[in-house]
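Q: just coords:
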């Protein structure tokens, strides 16, 4: 099997209504991706997720710098290809961010190809661990621009649908308002529902120490991204002082940064995202590293769960997966959650193949 053609694309899928956390406003979810074709008629699809800004730079990286290295290659040599792209011409100007997200899209497409060629869903190709179902928690009702009434209404409805965990955003200008919102939601959903709180990097160490302690009143399952994602020592200090575990990884782009976080005791739930690190290849390395420290992996879903459902199903120390349904309607095999659990995919591949109708409707590049 040889790679014969590489085709990039960008889709912008509307988010209705638009959402906000403490640092982002998003009216569309961007899918910057690639289809990789082979001489035996198979193709693999990979992509990364954005807030619909900068997608063109990701696909330009693939087109100009990665495609010449891909043509003629056997996709089953995925690790060799990964090294050639990672340490190629773009290594000088970027080892994270745009170039690494471009690498992620390519790597995911290669793993999709391999799984299709093997006639197996990706989770099974990787060695299945959870062949029946995966526990889900719902993030899609906890946005910072929701009123308290809507926050409660949405999260209560998710609990009624069978979700046993929900996540809400904090990071208001006045942390006292965050405290009141968390208190109101905890009261509404009761003590038996898992409640996660996500700061999206907005706090400094003083705020995180003060309000992280106060939020312990509400039995918070984890405190997510409380500080700047490059502040490893600050997270280590926070993890040492708070009873609530620290979760992060959404903005950690490579295994070496995860190594430092883990070795310094600065993270307790590893949220490695396959679309932010270098695809499936590097995701597996981070998950295995976390396992060596007996830490749980619970990915951030920049892919909206399509690929991560396979990775969690194949990984012993991954146990739960975030659910946000914004783009599930564009896929041939969309993620499906019933009674609070992901159904495990059965089709060969990584569940990344996109409907032709979605290209007609949402393609911008």
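A: Now that the structure is in, tell me what you want to look at. None of these values were measured; they are calculated from a predicted model.
Q: quick check: residue 22 touching residue 175?
A: No: Residue 22 is beyond contact range of residue 175, at 10.9 Å (criterion: C-beta atoms under 8 Å). (Glycine included, C-beta is placed from N, CA and C.)
Q: mark out where each domain of the chain begins and ends.
A: 3-120+356-362, 124-343 (automatic domain parsing).
Q: make JSON lines out of these and add mean neighbour count and mean pLDDT.
A: Shown next, in JSON lines, are the domains of the chain (neighbours: other C-beta atoms under 10 Å; pLDDT from 0 to 100):
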{"stretch": "domain 3-120+356-362", "mean neighbour count": "19", "mean pLDDT": "97"}
{"stretch": "domain 124-343", "mean neighbour count": "19", "mean pLDDT": "98"}
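Q: go through those and name the closest to residue 349.
A: With C-beta to C-beta as the criterion, residue 349 lies closest to domain 3-120+356-362 of the domains of the chain, at 4.6 Å.
Q: tell me how far the closest residue to residue 146 other than its chain neighbours lies from residue 320.
A: Nearest non-adjacent residue to residue 146, counting by C-beta to C-beta, 6 or more residues apart in numbering: residue 154, 6.9 Å away. Using C-beta to C-beta, to the nearest Å, one gets 20 Å for the distance from residue 154 to residue 320.
Q: try residue 160
A: Residue 160 is 19 Å from residue 320, where distance means C-beta to C-beta.
Q: correct me if wrong: residue 306 contacts residue 350.
A: Yes: taking C-beta under 8 Å as the definition, residue 306 is a contact partner of residue 350 at 7.3 Å.
Q: so what's residue 49 closest to, chain neighbours aside?
A: residue 302 (3.8 Å).
Q: any idea how far residue 42 is from the one you found?
A: Per C-beta to C-beta, residue 302 is found 25 Å from residue 42.
Q: again with residue 162
A: Residue 162 is 37 Å from residue 42, by C-beta to C-beta.
Q: then residue 319?
A: Taking C-beta to C-beta, one finds residue 319 at 32 Å from residue 42.
Q: with residue 201 instead?
A: As for residue 201, its distance to residue 42 is 40 Å (criterion: C-beta to C-beta).
Q: ranges for the helices of the stretch 101-250 of the chain?
A: Secondary structure of the stretch 101-250 of the chain by DSSP state H, counting those that start in this stretch: the helices cover 122-125, 148-161, 175-189, 205-214, 232-241.
Q: can those go into CSV with extra columns for distance to residue 69?
A: Listed next are these as CSV, based on distance: least, C-beta to C-beta, whole Å:
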stretch, distance to residue 69
helix 122-125, 23
helix 148-161, 44
helix 175-189, 47
helix 205-214, 42
helix 232-241, 32
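Q: to residue 280, which of these lies closest?
A: Nearest of the helices of the stretch 101-250 of the chain to residue 280, taken as C-beta to C-beta: helix 122-125 at 7.6 Å.
Q: so where's the longest strand in the protein?
A: The strand that spans the most residues within the chain, counting by DSSP state E, is strand 3-20.
Q: next SSE downstream of that strand?
A: Next helix or strand after strand 3-20 toward the C-terminus (DSSP states H and E): strand 25-38.
Q: partners of that next one in the sheet?
A: Sheet pairing of strand 25-38 (DSSP bridges) gives strand 3-20 (antiparallel), strand 43-50 (antiparallel).
Q: now the ones you listed as TSV including distance to residue 182?
A: Below are the strands paired with strand 25-38 laid out as TSV (distance: least, C-beta to C-beta, whole Å):
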stretch	distance to residue 182
strand 3-20	17
strand 43-50	27
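Q: nearest to residue 217, of those strands?
A: That would be strand 3-20 among the strands paired with strand 25-38, by C-beta to C-beta, at 25.3 Å.
Q: do a quick rundown of the strands in the stretch 51-200 of the chain.
A: Secondary structure of the stretch 51-200 of the chain (DSSP state E, counting those that start in this stretch): strands at 133-138, 165-169, 194-198.
Q: distance from the second one to the middle of the chain?
A: Spelled out, that is strand 165-169. 15 Å (C-alpha atoms, centre = their mean, to the nearest Å).
Q: which residues touch it?
A: The contact list for strand 165-169, computed with C-beta atoms under 8 Å, 6 or more residues apart in numbering, reads 20-22, 135-139, 141-144, 151, 155, 158-159, 181-182, 185, 189, 193-200, 221, 224, 320, 322, 340.
Q: next, the angle strand 3-20 makes with it.
A: Calculated by axes from the mean of the first three to the mean of the last three C-alpha atoms, to 10 degrees, strand 165-169 forms an angle of 70 degrees with strand 3-20.
Q: contacting residues around the residue nearest in space to the middle of the chain?
A: For the chain, the residue sitting closest to the mean C-alpha position, by C-alpha atoms, centre = their mean, is residue 301 at 2.6 Å. Neighbour list for residue 301: 273, 308, 321-324 [criterion: C-beta under 8 Å, 6+ apart].
Q: swap in 6 Å and give it another go.
A: 308, 322, 324 (C-beta atoms under 6 Å, 6 or more residues apart in numbering).
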